[in-house]
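Asks: sequence below, structure please.
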Amino acid sequence: MTPRRLRSPAERMLGYARVKEARDPLTPADRLRELASDEITPVRLYTAMNFSTPPDALLRLSHDEDDHLRRCLLLNPAADDAVLRSMVDRERAEAVSMRGRATSFLGGFYVRGLAVHHPGASGALRAELLAEGACGCPGTCDNRELWQARTARVRTAGWRP
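Replies: Here you go, the predicted structure:
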């Protein structure tokens with residue numbers, strides 16, 4: 001965890017302006033790439049949730065240390081196969097390193113359980129995750145239905161990037 005840094009009022013206002021910019025779907029892709037590397041976590045968080053963020057910026061955000069940011073990234077339909085694979089590989093590595101200790105949320109399948117239903121996941125990634133047992137749905141699961149149902153709760157709550 002990075003230590004907190006006290007910011008001046010002027011720095012805070014600039015941070016708020018960058019958050020507003022990161023939330024705006026009309027922000028240019030080049031600017032969103034810059035915001036993906038911002039030092040302020042809420043700026044990176046809203047960049048991860050913006051549907052207009054380019055895949056290379058989302059890939060950079062998938063390596064972020066903030067767990068909440070990475071979970072929000074899973075709700076972005078713009079996340080492509082490379083982003084999802086990066087997150088899945090990270091979760092697999094964490095599960096191996098935690099062997100013998102308590103595993104992460106949902107028995108170590110939180111990311112994989114969402115990635116298997118994500119519309120950006122390739123058929124190969126889906127098949128790999130299904131073989132691991134990442135999908136806990138009944139046998140009639142169409143792999144996309146659950147992701148859309150989970151993200152519908154967020155959309156109906158009024159969340160907009």
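
Asks: every contact and neighbour count from this point should use C-alpha atoms.
Replies: Fine.

Asks: show me the contact partners of the strand or helix carrying residue 129.
Replies: Taking DSSP states H and E as the definition, one finds residue 129 inside helix 123-132. The contact list for helix 123-132 (C-alpha atoms under 8 Å, 6 or more residues apart in numbering) reads 81, 85, 112, 115, 116, 117, 135.

Asks: got phi/psi on the second one?
Replies: The phi and psi values for residue 85, taken as degrees, to the nearest 10, are phi -60, psi -40.

Asks: quick check: it vs residue 67, distance?
Replies: Distance, residue 85 to residue 67, by C-alpha to C-alpha, to the nearest Å: 16 Å.

Asks: which of these two has more neighbours?
Replies: Taking other C-alpha atoms under 10 Å, residue 85 and residue 67 do not tie; residue 85 has more neighbours (19 against 11).

Asks: got a list of what that one touches?
Replies: Contacts of residue 85 by C-alpha under 8 Å, 6+ apart are residue 125.

Asks: for this protein, what helix or strand is lowest in average pLDDT?
Replies: helix 105-108 (a mean of 48; mean pLDDT, DSSP states H and E).

Asks: what mean pLDDT does the helix or strand just after it have?
Replies: Scanning forward in sequence from helix 105-108 by DSSP H and E, the next helix or strand is helix 110-115. The pLDDT scores in helix 110-115 average 86.

Asks: same check on stretch 132-145?
Replies: Here the average pLDDT along stretch 132-145 is 66.
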